[in-house]
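>>> sequence and computational prediction follow.
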Amino acid sequence: MKSIHKMLSVFICIFVLSCSSSCQDASVYYDNLASKLVSAKNLSEAMHLFNKSLDQNSSNVNAWVHKGNAEKALRDYNASIRSFDQASILDSENAPAWLGLADTYSLKKDYTSATAAATELTRIAPKNKAYWLKKGTLMQMQGHFDNATVELDRALALDAKYKDALYRKALSELCASDTNQAIELLDQVIALDGKHKQAYNAKALALQMQGNYEGAIAAYDRALRIDAKWSVALTNKMHALLAMGRQKEAVNILLRI
């Protein structure tokens, strides 16, 4: 009798484990299928399959992350945050979950919460320069330029030629009115990427702050050679021309914006 009970217990355990494995497999299957639909821009059907995946296995971290990304694409930001939150609760080391939170909070302009998520990213992967850039950029969005520079320097310590970090650091220097340092950094960006129109525009602003309007206009023109219809550079050039008393040229730009 004891041997029968023992065999029955083993059978039940095998059955339970088999069901559990089957549910996990089904969850992965639905998650993969839904992800393909997301790639095909079929978001509504993808959401249905993500839900089916999580019905099979509510601990599927990847499914929560993928669902969060789909919800973000649908601009359902609150739902997206809930999905990424659930993924981060299940696995606090899951970088895609924290990245999703940082990006979604940014879209909601909740830069404090976005920065907190970015801090988790730098904790998980301190050698990922993009995460330090993201954290520094988010601090800039809150006006914390000194703290932003600290984070950007950490990105540059990993890659001294990281042009995005150099550009962002230049913006911090520009906000601190250190135009010489800003120009030096922007020249590094331009040397790395001669088609970086934002760097030319920022350099023009720095030159304009120094009273060098001719140099500023030349820099705006470099930006406009890259993108002739870029309204930001056109507007800034117009203001520089007005400051120089060149009203006719400024009005010509106004008519084109």
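On my side now, so go ahead. Residues are numbered from 1 along each chain as shown.
>>> what strand or helix carries P96?
Using DSSP states H and E, the element containing P96 is helix 95-107.
>>> buried residues in that helix, which are they?
For helix 95-107, a neighbour-count test (16 or more other C-beta atoms under 10 Å) marks 95-106 as buried. (Each C-beta comes from the backbone N, C-alpha and C, glycine too.)
>>> N57: which of those is nearest?
Relative to N57, the closest of these is A97; by C-beta to C-beta it sits at 16.4 Å.
>>> show me what contacts that closest one?
Counting by C-beta atoms under 8 Å, 6 or more residues apart in numbering, A97 touches 61, 64-65, 68, 84, 87-88, 91.
>>> low-scoring stretches of this protein, by residue?
Across the chain, the ranges flagged by pLDDT under 70 are 1-24.
>>> hmm, 90 instead?
Residue ranges of the chain with pLDDT under 90: 1-27, 30, 38-41, 44, 256-257.
>>> so where do the helices sit in it?
If DSSP state H is used as the criterion, the helices of the chain fall at 2-39, 43-56, 61-73, 77-90, 95-107, 111-124, 129-141, 145-158, 163-175, 179-192, 197-209, 213-226, 231-243, 247-254.
>>> and the second one with helix 77-90, angle?
Between the axis of helix 43-56 and that of helix 77-90 there is an angle of 30 degrees, by axes from the mean of the first three to the mean of the last three C-alpha atoms, to 10 degrees.
>>> tell me which residues of helix 43-56 are tucked away?
Quick answer for helix 43-56 (16+ other C-beta under 10 Å): 43, 46-47, 49-50, 52-54, 56.
>>> chain center to that helix, what's the gap?
Distance of helix 43-56 from its chain centroid, counting by C-alpha atoms, centre = their mean, to the nearest Å, is 25 Å.
>>> OK, contacts around the closest residue to K163 other than its chain neighbours?
Distances taken as C-beta to C-beta, 6 or more residues apart in numbering place L192 nearest to K163, at 4.6 Å, with adjacent residues excluded. The contact partners of L192, taken as C-beta under 8 Å, 6+ apart, are 161, 163, 166.
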